[in-house]
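# next come a sequence and a model predicted from it.
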Amino acid sequence: MADRPVEISWFAALCDDDYEVLGVPDPALLSSVDHCADIVEEAERAGFDNILLPSGYALGIDPVVFASVVAGRTGRIRLLVAVRCGELWPPQLARQLATLDQAAGGRLTVNIISSDLPGQTLESVPRCGRTLEVMELLRDLLDGRPVDVRGPHHELAVDPPRAGTVSGRCPPLYFGGLSEPAREVAAKAADVYLMWPDTEDRVAELVGDMRARAAAHGRTLRFGYRVHVVVRPTEDEARAAARHLVSALDDDTGTAIRNRSLDAGSAGVAQQSALRGDADDEGYVEPNLWTGIGRGRSGCGAAVVGDPAQVAAKLRRYVDLGMDAFVLSGYPHLDECRRFGRDVLPLLDHGPLVL
C-alpha cells in the first residue's frame, strides 16, 4: 500500500436505500432525519473521515437540509453533500453551501450530480455542459469572485455571497461519470474524480485516462472509489451474508429498484450491468469483488466481500492503483458501519483528504 493516508467515508442512506434484505422494505430503515442522523453519528464515533449524503429527487430526504441538521450534531466528520445540477439557480446554491460550510465549521465537501431532472431528458453533451457551467460558477462564487456569464445554460451577473465559506475557498468538488463528456467535465472542473467498482485492470486504465485528460487542461485530479462492503469474521460468513442480502430478490423486483434512479440509463450504470455479466456463477468478477448487490440497486453495483484482513487488503490494492478516497456503504447501513469501523478501519492508514 502506498505510504500515505486515504480518506475513508461512509454513506448515509438518505434515499430510502436501507435494507436487511434487498427488495424487502423495513419501515424502521426508511429514510428519516433520526435514522439517517444515527448513521452519521455512528460513522463519526467509528472514526470515518467523511460521509456521503446522497441525493434522490423522488426518494427519501433532502441532503442539504439534512446536512444543516447533522452539522450541529457532529464535530469532526466531514459532510459530502450531493447536489443535482439544474435543481437550483447557482448563486442560490452557492449561498446555501457557504452557509452550510459555516454551520459545519468548514467541514463541507460537495458531490456534484449530473443526472436528468424529473420530466426532463437531456442528451449527455448538453447535460454535461450544464454541469460544467454549474461547477465553474460555484467555484468562482465560493472562491469570492463575481461572475458575469452568458453561457448556453446560465445568463447572470452577480457578486459572490458576502458570508462565504470558512476557508474563503470553494469546498472540494467530487464528481463522477464514465461517458466521454462526463470525463471531460471531471478533467476540467473536479477536485476528486469518483468511480464505481470495476476490475483492477479497468480501474488502472481509467485512472491513467483521467490523469492524462486533467494534465491536458493543466490540472491534476485526486481519485475516489465508491463501493459497498460486506465484512464478517471469516470469508465463508461474509459470502453467506452476501447471499442473504439478495435472497429475496427476483429479477422484476431488482429491475424496478434500479429503474427508480434518474441515472438508470447512464454509461456508468451500463458498465455496472456489464460487470455483472463478466462475473462467475456466484457473482464474483475477481477475488473478493461481488457484483450480486447490483441486482437490487442502481449506480454502484458491487461490494468488497471478505474477512477484515481481506477487505483491508483489497482496499489497499485500490490505493496502489491510485485511489485517494473511498466512499463505502453496507446493509443495513448502521450495522455495517459499526462493523467496518470496529474490524477494518483500524487496519487502514486514513485521514481527511487534503487538496
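That came through fine. As the structure is a prediction and not an experimental result, all values here were calculated from the model. Residues are numbered from 1 along each chain as shown.
# only C-alpha atoms for contact and neighbour calcs from this point on.
Fine.
# which pLDDT does the model give Ala309?
Per-residue pLDDT puts Ala309 at 98.
# that one touches Val344, doesn't it?
Yes. Here Ala309 reaches Val344: they are 7.3 Å apart, a contact under Cα atoms under 8 Å.
# strands along the protein, start to end?
Using DSSP state E, the strands of the chain run over 7-11, 50-53, 78-84, 108-113, 147-150, 155-158, 173-175, 192-195, 222-231, 284-286, 289-290, 303-306, 325-329.
# quick one: the helices in this structure?
33-46, 63-71, 90-103, 124-142, 180-189, 200-216, 235-245, 251-259, 267-277, 308-320, 333-343 (DSSP state H).
# could the strands of the chain go into a markdown table alongside distance to His35, mean pLDDT and mean neighbour count?
Output for those, formatted as a markdown table (distance: least, Cα to Cα, whole Å; pLDDT from 0 to 100; neighbours: other Cα atoms under 10 Å):
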| stretch | distance to His35 | mean pLDDT | mean neighbour count |
| --- | --- | --- | --- |
| strand 7-11 | 13 | 98 | 25 |
| strand 50-53 | 13 | 98 | 26 |
| strand 78-84 | 16 | 97 | 25 |
| strand 108-113 | 21 | 98 | 22 |
| strand 147-150 | 40 | 95 | 14 |
| strand 155-158 | 39 | 96 | 12 |
| strand 173-175 | 25 | 98 | 24 |
| strand 192-195 | 26 | 97 | 25 |
| strand 222-231 | 19 | 98 | 25 |
| strand 284-286 | 31 | 96 | 18 |
| strand 289-290 | 27 | 96 | 26 |
| strand 303-306 | 23 | 98 | 27 |
| strand 325-329 | 15 | 98 | 25 |
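# let me know which of those strands is the nearest to Thr165.
Closest to Thr165 of the strands of the chain, according to Cα to Cα: strand 108-113, at 8.9 Å.
# now for the closest one, which elements pack on it?
strand 78-84, helix 90-103, strand 173-175 (3 or more Cα pairs under 8 Å, 6 or more residues apart in numbering; DSSP states H and E).
# and the contacts of the last one?
Contacts of strand 173-175 with the rest of the structure, by Cα atoms under 8 Å, 6 or more residues apart in numbering, involve 109-113, 186, 190-194.
# that strand pairs with which strands, and in what direction?
Here strand 173-175 is paired, per DSSP bridges, with strand 108-113 (parallel), strand 192-195 (parallel).
# averaged pLDDT, stretch 336-348. What do you get?
pLDDT averaged over stretch 336-348 gives 98.
# which positions within it qualify as buried?
Neighbour counts over stretch 336-348 (16 or more other Cα atoms under 10 Å) mark 336-341, 343-345 as buried.
# where does this protein dip in pLDDT?
For the chain, applying pLDDT under 70 flags the ranges 1-3, 251-266, 268, 298.
# partners of the residue sitting furthest away from the middle of it in the sheet?
In the chain, the residue that sits farthest from the middle, by Cα atoms, centre = their mean, is Ala157; the gap is 31.5 Å. The partner list for Ala157 in beta bridges (DSSP bridges) reads Asp148.
# OK, contacts around it?
Listed by Cα under 8 Å, 6+ apart, the contact set of Ala157 reads 146-149.
# and it, how far from Leu141?
11 Å (Cα to Cα, to the nearest Å).
# overlap of the contact sets of those two?
Val147.
# thinking again about what came up before, among the helices and strands packed on strand 108-113, which is nearest Asp278?
Nearest to Asp278, of the helices and strands packed on strand 108-113 and by Cα to Cα, is strand 173-175 at 26.2 Å.
# show me how far the closest one is from its chain's centre.
9 Å (Cα atoms, centre = their mean, to the nearest Å).
# just stretch 125-136 next, same as before
With Cα atoms, centre = their mean, you get 19 Å for stretch 125-136.
# buried sites along that stretch?
Per 16+ other Cα under 10 Å, stretch 125-136 contains these buried residues: 127-136.
# same check, this time on stretch 231-240
231-232, 235, 237-239.
# how far does it stretch from one end to the other?
11 Å.
# ok, residues contacting it?
230, 241, 305-308, 311, 336, 339-340.
# which one of the buried residues of stretch 231-240 is nearest to Ser9?
Distances from Ser9 to these, taken by Cα to Cα, are shortest for Val231, at 15.8 Å.
# now His350: how far from Val81?
20 Å.
# kindly report the same for Ala163.
On the measure of Cα to Cα, Ala163 and Val81 end up 19 Å apart.
# repeat for Leu275
28 Å.
# over to Gly208?
27 Å.
# same check, this time on Val227
Distance, Val227 to Val81, by Cα to Cα: 17 Å.
# what of Pro308?
28 Å.
# swap in Asn50?
In terms of Cα to Cα, Asn50 sits 10 Å off from Val81.
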